[in-house]
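Okay, predicted coordinates and the sequence, questions at the end:
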Amino acid sequence: MEFTKGHGTGNDFVILPDPDGTLDLTPGLVAAICDRRRGIGGDGVLRVVRAGRHPEGAGLAGEAEWFMDYWNSDGSFAEMCGNGARVFVRYLLETGLATPSGAALPVATRAGVVRARVEADAIAVEMRRPRVYDASVATLGGLTLPGAAVDVGNPHLVCALPAGLELAGLDLTRAPEFDPAVFPAGVNVEFTAPGEPVADTDGHVLMRVYERGSAETLSCGTGACAVGAVALRDAGLDTGTVAVDVPGGRLTVTVTEDSCWLSGPAVLVATGNLAPAALHP
Ligand SMILES: N[C@@H](CCC[C@H](N)C(=O)O)C(=O)O
């Protein structure tokens, strides 16, 4: 089984080309591939399948040739992955499955079609505008933090740390607790602190994340979009650009009237062959 490994600001993925949708991908196999000691290791899997050859992509085949079949490292599905979409587009371009052009490249996902463009070393994807829709809380250790519930296609809870607490001091080796009545399908939890002013932006936020289905990751693109939207709301702005620094680097989030652009580096680091039979214990 051929694979490529790639990442976007340290959010890393195993990419599996499966144009005709014939691969028997199961939750157990995904978890084994993502195992950092016994497998390739990754925060998730991106299966590259023609939209028309995947049951969840078929309805979008008229709009996009390729479907991003994203799986979290525990073998669960997610509706959307912002960094995954950026790495997916890098893969399409580097393998010639898509040709660079002046036009934005459409990619089908479980959250609908996103559009991507290449910006020098970065890849930017246009996703839906984040919807800040509720207030809730996350509990981590003995700390209960109020936060904002945000829908970016997938669910997020953005919690600002109170003054005096540092992001580096959080123990994210265990999952934060959340209210299942607000997030019946689970949630990605972002913890934030203010950053120093950055030129040409309307805000700068530092973030760590505990991802549903993947635990703590070095970066989460949809999480950055959620954080950007909350920062703009708190600044009294409806649209604007926010720099979001994650442990893996910097993402730039631009919220417009009707969409959200996520931009940052996306790189492929290796290609090889997997022996699926050897992955199972
Ligand atoms: N890292 C991703 C988000 C991946 C999905 C998430 N764990 C979920 O279950 O919703 C990103 O870059 O957006």
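Yep, it's here.

Only C-alpha atoms from now on, for both contacts and neighbour counts.
Fine.

Which positions in the chain make contact with the ligand?
72, 78, 80-84, 154, 211-214, 220-223 (Cα under 6 Å from any ligand atom).

can you rerun that using 5 Å?
Proximity of the chain to the ligand (Cα under 5 Å from any ligand atom) is limited to residues 78, 81-83, 154, 211-212, 220-222.

Which single one of the residues you listed is nearest to residue 275?
Distance ranking of the residues of the chain next to the ligand against residue 275, using Cα to Cα, places residue 78 first at 25.3 Å.

Give me the below-cutoff pLDDT ranges for the stretch 151-281 of the chain.
By pLDDT under 70, the low-scoring segments of the stretch 151-281 of the chain are 281.

Can I get the residues of the chain next to the ligand in TSV including distance to residue 191, secondary structure and neighbour count?
What follows is the residues of the chain next to the ligand, written out as TSV (distance: Cα to Cα, whole Å; DSSP: H, G, I helix; E, B strand; the rest coil; neighbours: other Cα atoms under 10 Å):
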residue	distance to residue 191	secondary structure	neighbour count
78	20	coil	20
81	18	coil	27
82	18	helix	27
83	18	helix	31
154	17	coil	21
211	11	strand	22
212	14	coil	22
220	12	coil	28
221	14	helix	28
222	14	helix	28
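
can you pull the contacts of residue 189?
Under the criterion of Cα atoms under 8 Å, 6 or more residues apart in numbering, the contact list for residue 189 reads 138, 156-159, 176, 209-212, 223.

Just give me the closest of the residues of the chain next to the ligand to residue 201.
Proximity of the residues of the chain next to the ligand to residue 201 (Cα to Cα) peaks at residue 221, which lies at 17.5 Å.

Neighbour-wise, which one of the contacts of residue 189 leads?
residue 223 (33 neighbours; other Cα atoms under 10 Å).

and that one, what does it touch?
Shown here is residue 223, whose contacts under the criterion Cα under 8 Å, 6+ apart are 156, 188-190, 209.

Would you convert those residues into TSV that also reports secondary structure?
Compiled in TSV, the contacts of residue 223 are given as follows (DSSP: H, G, I helix; E, B strand; the rest coil):
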residue	secondary structure
156	strand
188	strand
189	strand
190	strand
209	strand
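
quick check, nearest of those residues to residue 23?
Within the set of those, residue 188 lies nearest residue 23; the separation is 28.1 Å, counting by Cα to Cα.

neighbours around that closest one, how many?
Using other Cα under 10 Å as the criterion, residue 188 is surrounded by 26 other residues.

so it makes contact with residue 209?
Yes - judged on Cα atoms under 8 Å, residue 188 makes contact with residue 209 at a distance of 7.1 Å.

any idea how far residue 108 lies from residue 56?
From residue 108 over to residue 56 the distance is 9 Å, taken as Cα to Cα, to the nearest Å.

Just want to know which of the two has more residues nearby.
Per other Cα under 10 Å, whichever of residue 108 and residue 56 has more neighbours is residue 108, with 27 against 18.

so the more buried one is in which element?
Assigning secondary structure by DSSP states H and E places residue 108 in strand 105-109.

from the chain's centre, how far out does the following helix or strand past that strand sit?
Remark: after strand 105-109, the chain's next helix or strand is strand 112-119, criterion DSSP H and E. Centroid separation for strand 112-119 versus its chain: 14 Å, with Cα atoms, centre = their mean, to the nearest Å.

Repeat that for stretch 26-43.
Offset of stretch 26-43 from its chain centre (Cα atoms, centre = their mean): 18 Å.

Give the buried residues for that stretch.
Residues 29-35, 39-43 are the ones in stretch 26-43 that count as buried (16 or more other Cα atoms under 10 Å).

Report the mean per-residue pLDDT for it.
Over the span of stretch 26-43, the pLDDT mean works out to 97.

With stretch 97-116 instead?
95.

Report whether residue 228 is found in a helix, as I expect.
Yes - the assignment for residue 228 by three-state DSSP puts it in a helix.

so who does it touch?
The contact partners of residue 228, by Cα under 8 Å, 6+ apart, come to 205, 241-244, 253-255.

now it: how far from residue 77?
To residue 77, residue 228 is 24 Å away according to Cα to Cα.

Please apply the same query to residue 208.
To residue 77, residue 208 is 22 Å away according to Cα to Cα.
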